[in-house]
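*Asks:* from the sequence below, what's the structure:
(2 chains)
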2 protein chains.
Amino acid sequence: MSLNLQTYTEHFTNPLYLESGRILEPYDITYETYGELNEDKSNVVVVCHALTGSHHAAGTYEGETKSGWWDGLIGPNKAIDTDKYFVICSNVIGSCFGSTGPMSPQHPHQEPYRYKFPVVSIKDMVKAQRILFDRLDIHRVHAIIGGSMGGMQALQFAIHYPNFANKIIAMAATHATQPWAIAFNKVAQEAILKDPDFKQGYYDPEIIKEQGLAGMAIGRMAGHISFLSPESMREKFGRDYKLTDGLYELFGKFQVESYLEYNGYNFTKWFDPLTYLYITKAINIYDLSRGFDSLREALKRVTAKMHLISFKNDILFKNFEMLEIADEFKNIGNTNYDYIDIESDYGHDAFLVELEKFESYVKDTLDG
Amino acid sequence: MSLNLQTYTEHFTNPLYLESGRILEPYDITYETYGELNEDKSNVVVVCHALTGSHHAAGTYEGETKSGWWDGLIGPNKAIDTDKYFVICSNVIGSCFGSTGPMSPQHPHQEPYRYKFPVVSIKDMVKAQRILFDRLDIHRVHAIIGGSMGGMQALQFAIHYPNFANKIIAMAATHATQPWAIAFNKVAQEAILKDPDFKQGYYDPEIIKEQGLAGMAIGRMAGHISFLSPESMREKFGRDYKLTDGLYELFGKFQVESYLEYNGYNFTKWFDPLTYLYITKAINIYDLSRGFDSLREALKRVTAKMHLISFKNDILFKNFEMLEIADEFKNIGNTNYDYIDIESDYGHDAFLVELEKFESYVKDTLDG
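*Replies:* Numbering: from 1, shown residues only, chains lettered A, B, ... in the order given. Modelled structure (predicted):
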């Protein structure tokens, strides 16, 4: 069968009550679906995206060559088999790919929110999705799966909507963002804020897309360090040198420098800087235990079967962070979980790149 | 006895032939000494400084409160005992604390070199020191010790001047700078270069010192991530939040963010940005095997007793990098070395901070 890729935007006029006490109204949520909803609506799989991801998780749009960010995992006969499952991936609130975010027009006038946009949390992102599913008349799903910030959402779903999903698969994530991850985000935020072309948030997004924003490129370079691991960087780049430049030229480049430059500057062509500030803020303040006495108390709410996956050399969300969740389940006496630490040299981005290391596990989990 | 701190600057008019094929002439080297040279000049200990360090390794200048960067290690009755040893620490060529660097006047006129300054390597830094010691009529030393870039210098001495030192103590260093370390430097270099106040290298250093340079602060923040470890960041900062700012304020700050800001911006008051570009370049191109068929061939030249020290959670120069040197000695059949991996959660900066973990080893090595 075909992937049956569909893209929609739903408009909501009821206020979205945010964790901060502020509200967002009205707001849009853009989402994509793959496969077909079955009659009793028992085949829904929710996919959650990461920091710079979007609802476009699979398939390729007409006229484009790049496919969705988890295209290798989602499709007919793939691990998340769209012949069996109706897959929904929505762009998170606060993002810049269709759902309402800081550069969306602030109702009722047409000027973008910019700094008037409220801080949203991962919990808010999940709440907005829950409201979307209500609209779609979906009140329980087969599974929720995501990596990195997508994994945070999956975990947040498990705690705040314990009866919503049968199975939760969270990978390359944590229970609360740790200082080294906050530090990487800080470098990026500071670099964006201090770039004069950012114009203290009052930039023209079209100009940024055309000319790039050095500050965001620099911040993204720092991010890329955290997405890889020493092992994968050694394997990928070693000390290879671009021989067109001399070793003794101040601006001669190692391969790793060219890689960072390319990915850093290219990023500014397709991602919005204010959005980067807001989403990294959401990641920084993410803490499953907020509102509870402890992580343990928070995890006591969970009823879904939990599948916790870490990657051995992830330096952003370290494998022991996921283990800390598993340990709390053990302490609680909840045995309804799996914890898997995947052997991988790749680093954090393994959840996007090394699909072969977990696709059969995902398939078995969904189908089992 | 007293520390007997003395600061000198020597002027050299002969050309310094650099690895790049370029020359530096004339040039100055600023250095500091502690203790007294004994009659047969057999008690010299050379201390080598790191990226942002200087010749001021011990003692406190009149009117200042901050002491030298290894003050805890160097002094009467300390591990590097100035009652016994005559300690010399020189500011490296290319730095900004008295030795000739990119902001020094380019002979014969008085304008700073800026980009006309040649790229210097760690080998060049060591060569300049060797010439300084010749001038001081010191032709062999008891020991050379350094951490981080100082450790690189110590290793470079061992290979290029094999008969110069009896003992080499290199800590928190590597045999060749690896891509993740180059990547951290890249973020800093790019942030400096793209800051408009850097004026493409034609900034007024006095204005920078007064107003700071955001780009260098941002780069330094990235550096600080690499100087710590996840473990030490968790211990130091956790998820502590500055409660004066709200969690849901976009610019509210975690403790780790305040730490990075303070250290980043403070740094720009006392370090020169062009110098940062040149010294990080020297670190990036550092490779003991350059000019040899392999690292093994390079290490075959070593005759000194080698003391290799790594710190377990150093994420900048990882402990396996030092082990790779030790393994090559083993392969060569050179048993005249020690390799110690120190248990430490602190990270790279352990060589500056956790003196208690290696001071007795240093003392025994020097005195033994």
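
*Asks:* now do the SS call for the closest residue to chain B within the stretch 251-368 of chain A.
*Replies:* Residue nearest to chain B within the stretch 251-368 of chain A: residue A:256 (4.0 Å; CB to the nearest CB). Where C-beta positions appear, they are placed from N, C-alpha and C, glycine not excepted. Following DSSP: H, G, I helix; E, B strand; the rest coil, we place residue A:256 in the helix state.

*Asks:* low-confidence stretches in the stretch 1-150 of chain A?
*Replies:* Scanning the stretch 1-150 of chain A for pLDDT under 70 picks out no residues.

*Asks:* quick one: name the residues of it near chain B.
*Replies:* A:18-22, A:115, A:118-119, A:121 (CB under 8 Å from any CB of the partner chain).

*Asks:* the stretch 201-350 of chain A too?
*Replies:* Going by CB under 8 Å from any CB, the residues of the stretch 201-350 of chain A near chain B are A:214-215, A:217-218, A:221-222, A:224-225, A:228, A:230, A:233-234, A:236-239, A:246-250, A:254-257, A:260-261, A:264, A:277-278, A:281, A:284-285, A:287, A:315, A:318.

*Asks:* spell out, range by range, the strands that occur in chain A.
*Replies:* Listed in chain order, the strands of chain A (DSSP state E) span A:6-12, A:16-17, A:23-24, A:27-34, A:44-48, A:74-75, A:80-81, A:86-90, A:141-147, A:165-171, A:305-311, A:337-342.

*Asks:* does chain B sit close to stretch A:181-194?
*Replies:* Yes. Counting by CB under 8 Å from any CB, chain B is contacted by stretch A:181-194 at A:182-184, A:186-187, A:190-191, A:194.

*Asks:* closest one of these to residue B:39?
*Replies:* residue A:183 (52.1 Å; CB to CB).

*Asks:* for that closest one, which non-adjacent residue is closest in space?
*Replies:* residue B:225 (4.9 Å; CB to CB, 6 or more residues apart in numbering or on different chains).

*Asks:* so that neighbour is in contact with residue A:181, correct?
*Replies:* No. If you go by CB atoms under 8 Å, residue B:225 and residue A:181 don't touch, sitting 10.0 Å apart.

*Asks:* coming back round to it: show me the residues of stretch A:181-194 next to chain B that map onto helices.
*Replies:* Secondary structure assignment by DSSP state H places A:182-184, A:186-187, A:190-191, A:194 of the residues of stretch A:181-194 next to chain B in helices.

*Asks:* neighbour-wise, which of the residues you listed leads?
*Replies:* If you count neighbours using other CB atoms under 10 Å in any protein chain shown, the busiest of these is residue A:191, which has 34 neighbours.

*Asks:* list the contacts of that residue.
*Replies:* A:214-216, A:218-219, A:222, B:191, B:218 (CB atoms under 8 Å, 6 or more residues apart in numbering or on different chains).

*Asks:* list just the nearest of those residues to residue A:11.
*Replies:* Among those, residue A:216 lies closest to residue A:11 (CB to CB), at 29.4 Å.

*Asks:* ok, now which ones touch that closest one?
*Replies:* By CB under 8 Å, 6+ apart, the residues touching residue A:216 are A:188, A:191-192, A:195, A:198, A:264, A:267-268, A:271, A:273, A:276.

*Asks:* rewinding a little: max pairwise distance over the contacts of residue A:191: which two?
*Replies:* Among those, A:214 and A:222 lie farthest apart (CB to CB), at 13.1 Å.

*Asks:* neighbour count: the two, which is higher?
*Replies:* Taking other CB under 10 Å, residue A:214 and residue A:222 do not tie; residue A:222 has more neighbours (30 against 25).

*Asks:* how about the more buried one: what's its closest non-neighbour residue?
*Replies:* Closest to residue A:222 by CB to CB, 6+ apart is residue A:187, at 4.2 Å.

*Asks:* which of the contacts of residue A:216 tops the neighbour count?
*Replies:* Neighbour counts for those peak at residue A:191, which has 34 neighbours (criterion: other CB under 10 Å).

*Asks:* and the pLDDT at that residue?
*Replies:* Residue A:191 is assigned 98 on the pLDDT scale.

*Asks:* now the residue of the stretch 151-300 of chain A found nearest chain B: closest residue in space, sequence neighbours ignored.
*Replies:* Proximity to chain B, evaluated over the stretch 151-300 of chain A using CB to the nearest CB, is greatest for residue A:248 at 3.5 Å. Leaving aside its sequence neighbours, residue A:248 sits nearest to residue B:20 (CB to CB, 6+ apart; 3.5 Å).

*Asks:* roughly how far does the one residue in the stretch 1-150 of chain A that gets nearest to chain B sit from residue A:362?
*Replies:* Nearest residue of the stretch 1-150 of chain A to chain B: residue A:20, at 3.5 Å (CB to the nearest CB). Distance, residue A:20 to residue A:362, using CB to CB, to the nearest Å: 34 Å.

*Asks:* before we move on, what about residue A:217?
*Replies:* Separation of residue A:217 from residue A:362 (CB to CB): 33 Å.

*Asks:* phi first, then psi, for the residue most central in space within chain A.
*Replies:* In chain A, the centroid-proximal residue (CA atoms, centre = their mean) is residue A:50; its distance is 1.0 Å. Torsion angles at residue A:50 (phi, psi; degrees, to the nearest 10) stand at phi -90, psi -180.

*Asks:* if I pick the residue lying closest to it once chain neighbours are set aside, what's in contact with it?
*Replies:* Counting by CB to CB, 6+ apart, residue A:50 lies nearest to residue A:148, which is 3.9 Å off, once chain neighbours are set aside. Contact analysis of residue A:148 by CB under 8 Å, 6+ apart lists A:50-51, A:171-173, A:316-317, A:348, A:351.
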